[in-house]
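Novice: what's the 3D shape of this:
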Amino acid sequence: MIRAGRREQVQNSADLAQVMGMALGTFRNRKPFAADGFPAPISAAGAKTLLWDREQTTAFLAGRAVPALPETDDDEDLLERIEAAQLLGVTPDTWNSYKRDPRIAPHLVKAAGVEHCPRRVLRAFREEPAGPGGHRPKGSGDMVPRDQLEARVGELLDADTAVTLAHLQKELGIAYSTAARVLPRLRGARIADLVEAEEGLSPEQAAAALGYPPVAQRAAVARAHTELHARSLQAYVQSVADEGLAERHEAVVVQPADDVVAAGLVLNASAPVPALVWDERWGWRTALSRRHPLGRETGRPPQGKGIRYYKGAQPGPEEVVEGIYDGRLRSSRPSTA
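Specialist: Next up is the predicted model:
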């Protein structure tokens, strides 16, 4: 967490590597932050992107005593994804839906490329009374806005792991096809969380441990395998994002189709192309839209003016960056198609 008033002190791995005179890859390999006495990261345990407090790291590197950070909670503390979910009593996957709520979204801020939410906003959202207008309203048959759908379904799933599609329809006023799409995906994400937390646990065992009914386990386990596959590729995409050209340091991997993993990286203003997209079917390509780099899923590799593909399915981060500036490394068609 970033304590109140300390947003400008935040460093990520790239910032700290630069201060220490190391290439980012060298920094990651040597892990100088694991040395005795090195200030602990201020990011939550389990966070994908490590953050530090600049005042603390500067003191350590200069051989001075490391100053302590405030320990008292403040309304202006900034909480990242895992911490925000913990404060609201939901899973990080449910938080991904909550954060799009109009009572939260306008207040989100980025620090060293990582999204955070002020504690006061989370408290107000949590303490709002249930019922019409609250974040835990009982279904009245009204259609749920798309940006709130996963959060609402996630709440009902957290309350009853055996919740049925029919109950979701009745409680939220959503179509059967919508419930059948969202519920297995959320169950799959929760299975994946448990599999990652408990070594040696299979998705099938996790589904049973979570109390999912046998009739629902097959679809949920299938989604869990897709989710785990996506997470296994996160580090690769993140390694490209961390090369310094991505506008946001934290890469988000998504599934544009049920069994396909892809990710979009919006590049900063100094880059010669607006964005990059990685799709496990066709590798890296340039993209023209900063707002919607992935575009519409058609099952075919996108082609057209300004879209160029890299050679190979998973080139190294340095090769990807080089290809942004050297058109000879790209072609109009994917080499892996």
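
Novice: all strands of this protein, in order?
Specialist: For the chain, applying DSSP state E gives strands covering 10-12, 51-53, 78-79, 109-111, 114-118, 253-257, 260-266, 275-279, 283-287, 309-310, 330-331.

Novice: give the buried residues for the fourth one.
Specialist: Of the residues in strand 109-111, those scored as buried under the neighbour-count criterion (16 or more other CB atoms under 10 Å) are residue 111. Just so you know, the C-beta spots here come from the backbone N, C-alpha and C atoms, and that holds for glycine as well.

Novice: packing partners of it?
Specialist: strand 114-118 (3 or more CB pairs under 8 Å, 6 or more residues apart in numbering; DSSP states H and E).

Novice: mind giving me the packing neighbours of the strand it packs on?
Specialist: For strand 114-118, the packing partners by 3+ CB pairs under 8 Å, 6+ apart come out as strand 78-79, helix 81-88, strand 109-111.

Novice: got the contact list for the first one?
Specialist: Residues lying outside strand 78-79 but in contact with it, judged by CB atoms under 8 Å, 6 or more residues apart in numbering, are 1, 2, 7, 87, 109, 111, 116, 117, 118, 119, 122.

Novice: repeat that for 10 Å
Specialist: Under the contact criterion CB atoms under 10 Å, 6 or more residues apart in numbering, strand 78-79 has outside partners 1-7, 10, 42, 44, 73, 84-88, 95, 108-111, 114-119, 121-122.

Novice: could the helices and strands packed on strand 114-118 go into CSV alongside distance to residue 35?
Specialist: Compiled in CSV, those are given as follows (distance: least, CB to CB, whole Å):
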stretch, distance to residue 35
strand 78-79, 27
helix 81-88, 25
strand 109-111, 24
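
Novice: as TSV, the strands of the chain with distance to residue 232 and mean pLDDT would be great.
Specialist: Shown next, in TSV, are these (distance: least, CB to CB, whole Å; pLDDT from 0 to 100):
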stretch	distance to residue 232	mean pLDDT
strand 10-12	23	94
strand 51-53	23	95
strand 78-79	27	96
strand 109-111	26	92
strand 114-118	21	93
strand 253-257	9	65
strand 260-266	9	85
strand 275-279	14	90
strand 283-287	17	89
strand 309-310	21	89
strand 330-331	26	79
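
Novice: and those as a markdown table, adding distance to residue 127?
Specialist: Formatted as a markdown table, the strands of the chain follow (distance: least, CB to CB, whole Å):
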| stretch | distance to residue 127 |
| --- | --- |
| strand 10-12 | 28 |
| strand 51-53 | 28 |
| strand 78-79 | 16 |
| strand 109-111 | 21 |
| strand 114-118 | 14 |
| strand 253-257 | 32 |
| strand 260-266 | 34 |
| strand 275-279 | 39 |
| strand 283-287 | 41 |
| strand 309-310 | 49 |
| strand 330-331 | 52 |
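
Novice: no more questions from me, cheers.
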